[in-house]
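sequence and predicted structure, then a few things I'm wondering about:
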Amino acid sequence: MKTKTLTRSLLAASIALAAAGSVQAADMRINGFISVVAGKTLSEGDNIRNSNGKATVTADNPTDGIYDDDLDFKPDSIYGLQISSNLGEGLSVTGQITGAGGEDFEAKVSWAYVSYALNDEWTVNAGRQRLPFFFYSDFLDVGYAYHWMRAPTETQVPFDTLDGVQFTWQGLTGDWDSRVQIYAGSSEAETAGTGVIGLDNAIGAVFYTSNDWLQLRATYMTSEFWGEDLPTQTEDNPVDVWFGGLTAHATFGNTFVVAEYVTYEFDDAIEGAGWTDYEGAYISLGHRINDFTPHITFSTYKQDVENAVPVNAAGTPLIAQLLPKSTEESEAITIGVRWDFHPSAAFKMEYTIRSDESKSDFKAAYGDRNDVDLISAGVDVIF
């Protein structure tokens, strides 16, 4: 109900702005994007949490886009419409509506914020905006903006929006273009695997700098994590968590390399799941040949767990298989190609091979659920 109300409010506001006068109408911009992707898993391992016992692949954490062994057009498919208006004297407004296949394409307001330029270098945004966790966070939904079908999921989390305030400084540091973002606020998400979860009192900072061939980024955040369905770690008794990440992107003519590393740590293990420390990383190499960009990516993640309680497909805890301490680990290689067949559209194909490197006791409790391959193809369009 809240999503529908916000959507109607945002559309009504945009219509009102368009009719407000010639200056405002001239400064209004409407942009959009859409991705239509199909895929299916191959060579599935075992997963006790699935009703058919087969491993699946989560293509999008925030929207529960999950591939199984049936051909599916939903998990990676998404549309978006962005409306922005420059009101003059440093004030602007931005709204974005998206609908993802993992959520049956239901429209939701992913951005709705006011921006004000304090001076030539400092800007403040207030409202709902993208949570700047990762290198690709600002345009993660816009598949056209990067070479993959999807950015490596090993460096993603279920949270993607921030309800709060963000201060941004942009300027020159010697010969480098630099940006510093400082933000505070909260976030909430809901997935089939976690239920409703949230981040409260989030405080973070991002440092970004670039020259003509190299981009560097570092980020850090502290927050309080809670889960609506957790026995005691609810909103009234959250768990402290910190998050950090490093990224480098280098371009050498028509060849590029990008690498990202993220890590986060909970002060106490999350009840049931047992999550404690997490590390995820990837390195990707691509080369542009006219309209084609073949690429290869190696990605990995490791999740330490303590006192994890595995559950079966029906959600029944398997108490006999309680894991006092163990590790889930996965490695993957993705090979793909992007074809820019149109100035506003790209066709992509990818094949990902995943292997389960988890400890033997973790596999005994959950199955080798990371032993699963994925083939996918689709079209990304911007307008």
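Thanks, I have the structure now.

please count neighbours and contacts with C-alpha atoms only from this point.
Will do.

got the contact list for V180?
For V180, the contacting residues are 168-170, 205-208, taking CA atoms under 8 Å, 6 or more residues apart in numbering as the criterion.

on the three-state scheme, it is what?
For V180, the assignment made with DSSP: H, G, I helix; E, B strand; the rest coil gives strand.

show me what it is bridged to.
According to DSSP bridges, the partner residues bridging V180 are W169, F207.

on that earlier part again, got the contacts of V180 as TSV, with neighbour count, pLDDT and distance to S376 columns?
Below are these laid out as TSV (neighbours: other CA atoms under 10 Å; pLDDT from 0 to 100; distance: CA to CA, whole Å):
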residue	neighbour count	pLDDT	distance to S376
T168	19	98	37
W169	17	98	39
Q170	16	97	38
A205	20	98	35
V206	22	98	33
F207	17	98	34
Y208	19	98	32
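
mind picking the two most distant members of those residues?
With CA to CA as the measure, no two of the contacts of V180 lie farther apart than Q170 and A205, at 13.7 Å.

quick one: low-confidence parts of the chain?
Of all residues in the chain, those with pLDDT under 70 make up the ranges 1-26.

which residue is the nearest non-sequential neighbour of the residue nearest the centre of the chain?
For the chain, the residue sitting closest to the mean C-alpha position, by CA atoms, centre = their mean, is Q156 at 4.9 Å. In this structure, Q156 finds its nearest non-sequential neighbour in N61, 7.0 Å apart by CA to CA, 6 or more residues apart in numbering.

one more: R150?
Here the nearest residue to R150 in space, its sequence neighbours aside, is G143; by CA to CA, 6+ apart that works out to 6.7 Å.

so that neighbour sits against D380, correct?
Yes - under the criterion of CA atoms under 8 Å, G143 lies in contact with D380, with a separation of 5.8 Å.

on that earlier part again, quick one: neighbours of the residue nearest to Q156, just the number.
Applying other CA atoms under 10 Å, we find 20 other residues in the vicinity of N61.

look up which residues are beta-bridged to A308.
With DSSP bridges as the criterion, the beta-bridge partners of A308 are L323.

so it sits right up against E271, yeah?
Yes - at 7.3 Å, A308 and E271 qualify as touching, with contact defined as CA under 8 Å.

these two: who's more crowded?
More crowded of A308 and E271, by other CA under 10 Å: A308, with 23 against 17.

tell me which other helices or strands the helix or strand encompassing K302 touches.
Assigning secondary structure by DSSP states H and E places K302 in strand 292-308. Counting contacts by 3 or more CA pairs under 8 Å, 6 or more residues apart in numbering; DSSP states H and E, the secondary-structure elements packed against strand 292-308 are strand 275-287, strand 323-342.

returning to that earlier point: I'd say the residue nearest to the centre of the chain and A59 touch.
No - the pair formed by Q156 and A59 falls short of the contact definition of CA under 8 Å, at 10.1 Å.

just the helices in the protein please.
2-18, 22-27, 360-366 (DSSP state H).

give the contact list for the nearest residue to D267 once chain neighbours are set aside.
Counting by CA to CA, 6+ apart, D267 lies nearest to D240, which is 5.5 Å off, once chain neighbours are set aside. D240 makes contact with 222-225, 266-268 under the criterion CA under 8 Å, 6+ apart.

out of G143 and D380, which sits in the more crowded spot?
G143 (27 against 24).

who touches that one in this structure?
Taking CA under 8 Å, 6+ apart as the definition of contact, the neighbours of G143 are 35, 149-150, 380.

show the buried residues in those residues.
When neighbours are counted using 16 or more other CA atoms under 10 Å, the contacts of G143 contain these buried positions: 35, 149-150, 380.

among those, which ones are in strands?
Where the buried ones among the contacts of G143 overlap with strands, as defined by DSSP state E, the overlap consists of 35, 380.

would you tell me which of the helices and strands packed on strand 292-308 gets closest to V124?
Distances from V124 to each of these were compared using CA to CA; the minimum, 30.7 Å, belongs to strand 275-287.

distance of H295 relative to Y146?
Between H295 and Y146 the distance, using CA to CA, to the nearest Å, works out to 11 Å.

more neighbours, the two?
Set side by side, H295 and Y146 give different neighbour counts by other CA under 10 Å, the larger being at H295 (21 against 14).

show me what the more buried one is bridged to.
Applying DSSP bridges to H295 yields these beta-bridge partners: G286, G336.

I'd say it and I283 touch.
No - H295 lies out of contact with I283 (CA under 8 Å); the separation is 10.7 Å.

let me see the contact set for the closest residue to D69 other than its chain neighbours.
Computed as CA to CA, 6+ apart, the closest residue to D69 that is not its neighbour in sequence is T41, at 4.7 Å. Contacts for T41 were tallied using CA under 8 Å, 6+ apart; they are 56-57, 67-70, 372-375.

how many neighbours does the residue lying closest to A365 once chain neighbours are set aside have?
Nearest residue to A365 in three dimensions, chain neighbours excluded: Q321, at 5.9 Å (CA to CA, 6+ apart). By other CA under 10 Å, 17 other residues sit near Q321.
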